[in-house]
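Peer 1: Could you work out the structure for the sequence below:
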Amino acid sequence: MSVYDRGKQAFVFHPGPVFAQVLLADEINRASPKTQSALLEAMEEKQVSVEGETRPLPWPFFVIATQNPFDQLGTYALPESQLDRFLMRISLGYPERAAERTLLAGHDRRDMLDRLPPVLNASALAALQQAVARVHVAEPLLDYVQDLIAATRNGRWFMQGLSPRAGIALVRAARARALIAGRDYVAPDDVQAILPQCVAHRMVPVSNAGRGAVEQVRAMIDAVPLA
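Peer 2: Numbering: from 1, shown residues only. Got it, this is the predicted structure:
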């Protein structure tokens, strides 16, 4: 927002927390729909429009969000257009017993953040992003990806199908997984491994599915042949 500065006799813009390289939106589905919708420009265009002026966000910029179960009080369903801009949704669940024991017996996790060493800087991240873009995707694999996307749109598995944006995100994620595995090409296993995490949050199973979105995606994978 802009705040009037008496000394300067002018309004001075004060950037909010969205002006960061990593934005953590904790319990995002407790925010109002208006607040959630305000993130769309930031997530897609990497910019913020305030008072008739467009301000670019720092680079790199990405959003990490947590959300509570939908049956809890005070939660709002995220708009489909916003869900479509999240690359993945990962369910953490409860920690295993050994990991939970470490949490209970260890130091305060907030204090440990001060001793957490950086893993990457911005230039190293840019180099990895460029390396991901160079991972080869063969034409037959793109055919398989399109078959999976078409299956989401035929009405058998989901109420609505994947958008082109989701398809692009799926291929990018598959490239990243291949790079992590030390390969310069995408394999069908890469697509199958990341498909539930990349697309389940974007779709609603048909009413007679009898299972959740993740399980429905896995069933669809088994049904779509790999030519």
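
Peer 1: Give me the helices and strands touching the biggest helix by length in the chain, please.
Peer 2: Taking DSSP state H as the criterion, the chain has its longest helix at helix 164-180. Packing contacts for helix 164-180, counted by 3 or more Cβ pairs under 8 Å, 6 or more residues apart in numbering; DSSP states H and E, involve helix 122-133, helix 139-153, helix 188-199. Placement of C-beta: from N, CA and C, glycine included.

Peer 1: ranking those helices by burial, who's on top?
Peer 2: helix 188-199 (a mean of 20; mean count of other Cβ atoms under 10 Å).

Peer 1: Extract the CA atoms of it and return them as CSV.
Peer 2: Output in CSV follows, covering the C-alpha atoms of helix 188-199 (Å, rounded to 0.1, in the frame of the first residue of the first chain):
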residue,chain,number,x,y,z
PRO,A,188,7.2,-42.9,-19.2
ASP,A,189,8.1,-43.7,-15.6
ASP,A,190,8.7,-40.0,-15.0
VAL,A,191,5.3,-39.0,-16.2
GLN,A,192,3.5,-41.8,-14.3
ALA,A,193,5.4,-41.0,-11.1
ILE,A,194,4.5,-37.3,-10.9
LEU,A,195,1.1,-37.4,-12.6
PRO,A,196,-1.0,-37.8,-9.4
GLN,A,197,0.8,-35.0,-7.6
CYS,A,198,0.7,-32.7,-10.7
VAL,A,199,-3.0,-33.1,-11.8
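
Peer 1: Go ahead and measure how far it is from the middle of the chain.
Peer 2: 14 Å (Cα atoms, centre = their mean, to the nearest Å).
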